[in-house]
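Student: A predicted structure for the sequence below; I have some questions about it.
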Amino acid sequence: MKLHVMFIGNKFIYNEPLQEYVLRQITKMCDRPESINFYRDGDNSLFLEIEKELSSHQQIIIITTKQNFSTIGKLISTATNDVQVLKEGSLMPQKALIFEEGSYLLEHRQTLVNVIQMDESIKMPQILLKNDATNATVHIFDEEKETLVSILTPIAQTYEVTFDVTTIIDGWQQIDISSKMYGDISNFISASKKLLSNKLIPFENIFEYIIETLASQHKKITFAESCTGGLLSYYLTKNNGASKILDGALVTYSNDLKDNWLAVSEETLEAYGAVSAEVVREMSDGALHVSHADYSIAVSGIAGDAGGTELKPVGTVYIGVRSQQKHHEKHLLFSGDRNFVQHQSALYAIKMLLLLDQDTFF
């Protein structure tokens, strides 16, 4: 059954961290939403939208502010020929099946609706809607999407599961697996791993996986970032346990700091420019030397929206990854605005790290 999320209230449109927090909790407890809609305070179309969704035969989570919570209950009651009653100190439809503080669940014509009151600076109330399917996510590297589909389809048929393939970055595919009734996700993953032994990571969160893998081997990582401005560090440190593998990292935006902090030579900077394979090679080497880590990643590029040249247009990025034994540099050209180039750069760098040491990560 498809999951639809409705955000009601201006704050969910403009307060992106609050919106992202709510969606993380929904994904953790239920599944990734099939669709998401936003409605402003006082939206005149809301009653018709709710009435339409109540006839959709799907699962709906309505996230609303405290000031709109009882209003939404009133609209649902009107659409379902119900009345509102006081339960646990809150007004809600009488037909609510289950209710907790700030959250209630009801069913109408095979549509399940969970209404949740949410505001900034509070812990999200309990999600009462549960997913009736078994789900898992794995990641596959260094394989084309079309090839993966042809490899995985017969395995999926054997174990009665379905899967979707999403490209995260070139050479990095995310596989979302679903099963109902008699499907066997565990054996599907095991069989897939046998065919893709040095390419498949059976873990939903790659950054948590990197933390667990390196921590178990008492290894550390560090970053030397220029155009990504600390994004790699953010990707890692937003997960629990990052301090086990990261003592620190450096954001060296200027040539002076690349020289003074990372020992990138002035000769290299002058000869090749800050955005070059030679510079990220020395950046990764300097970061490894300063931090005494086991792995380092260096990124330098032109994220835009200006600053490009004919030889190095906007979107030009060089990434260097290094272990104690080997290193690899890559020249890339990304499309998109400044932020999208930054995110693509950081994700591609993570892919390069995993492929640099396949014995450790696969």
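Tutor: Thanks, I have the structure now.

Student: got any ranges where the protein has weak pLDDT?
Tutor: Along the chain, segments meeting pLDDT under 70 span 132-133.

Student: Give me the residue at the spatial middle of it.
Tutor: Geometric centre of the chain, nearest residue: residue 205, 7.9 Å, by Cα atoms, centre = their mean.

Student: show me the contacts for that one.
Tutor: Going by Cβ atoms under 8 Å, 6 or more residues apart in numbering, residue 205 touches residue 239. C-betas here are computed from N, CA, C, even on glycine.

Student: Do a quick rundown of the helices in the stretch 151-300 of the chain.
Tutor: Along the stretch 151-300 of the chain, the segments classed as helices by DSSP state H, counting those that start in this stretch run 185-195, 206-216, 231-237, 255-262, 266-272, 277-291.

Student: Dump those into TSV; add mean neighbour count and distance to residue 92 as well.
Tutor: TSV is the format used below for these (neighbours: other Cβ atoms under 10 Å; distance: least, Cβ to Cβ, whole Å):
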stretch	mean neighbour count	distance to residue 92
helix 185-195	17	36
helix 206-216	18	37
helix 231-237	20	39
helix 255-262	17	57
helix 266-272	13	65
helix 277-291	22	54
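
Student: Minimum distance to residue 247: which of those helices has it?
Tutor: helix 277-291 (6.1 Å; Cβ to Cβ).

Student: how far away is the residue nearest to the centre of the chain from residue 110?
Tutor: Look at residue 205 and residue 110: by Cβ to Cβ, to the nearest Å, they are 33 Å apart.

Student: so what are the domain limits for this protein?
Tutor: What automatic domain parsing lists as the domains of the chain is 3-117, 134-204, 207-361.

Student: now do the same end-to-end measure for the first one.
Tutor: With Cα to Cα, to the nearest Å as the measure, domain 3-117 spans 18 Å from end to end.

Student: and stretch 131-148, how far apart are its ends?
Tutor: Terminal residues of stretch 131-148 lie 27 Å apart, using Cα to Cα.

Student: centre of the chain versus it, how much separation?
Tutor: Counting by Cα atoms, centre = their mean, to the nearest Å, stretch 131-148 is centred 14 Å from the centre of its parent chain.

Student: what comes up buried for it?
Tutor: 133, 135, 136, 137, 138, 139, 140, 141, 143, 148 (16 or more other Cβ atoms under 10 Å).

Student: Please name the bridge partners of the fifth one.
Tutor: Here residue 138 shows beta-bridge partners residue 175, assigned using DSSP bridges.

Student: wait, which of the helices of the stretch 151-300 of the chain is closest to residue 304?
Tutor: Checking the helices of the stretch 151-300 of the chain against residue 304 by Cβ to Cβ gives helix 231-237 as the closest, at 14.8 Å.

Student: now what about that closest one, what contacts it?
Tutor: With Cβ under 8 Å, 6+ apart as the test, helix 231-237 has contacts from 207, 210-211, 221, 223, 225, 242, 245-246, 249, 297, 299, 342-343, 345-346, 349-350.
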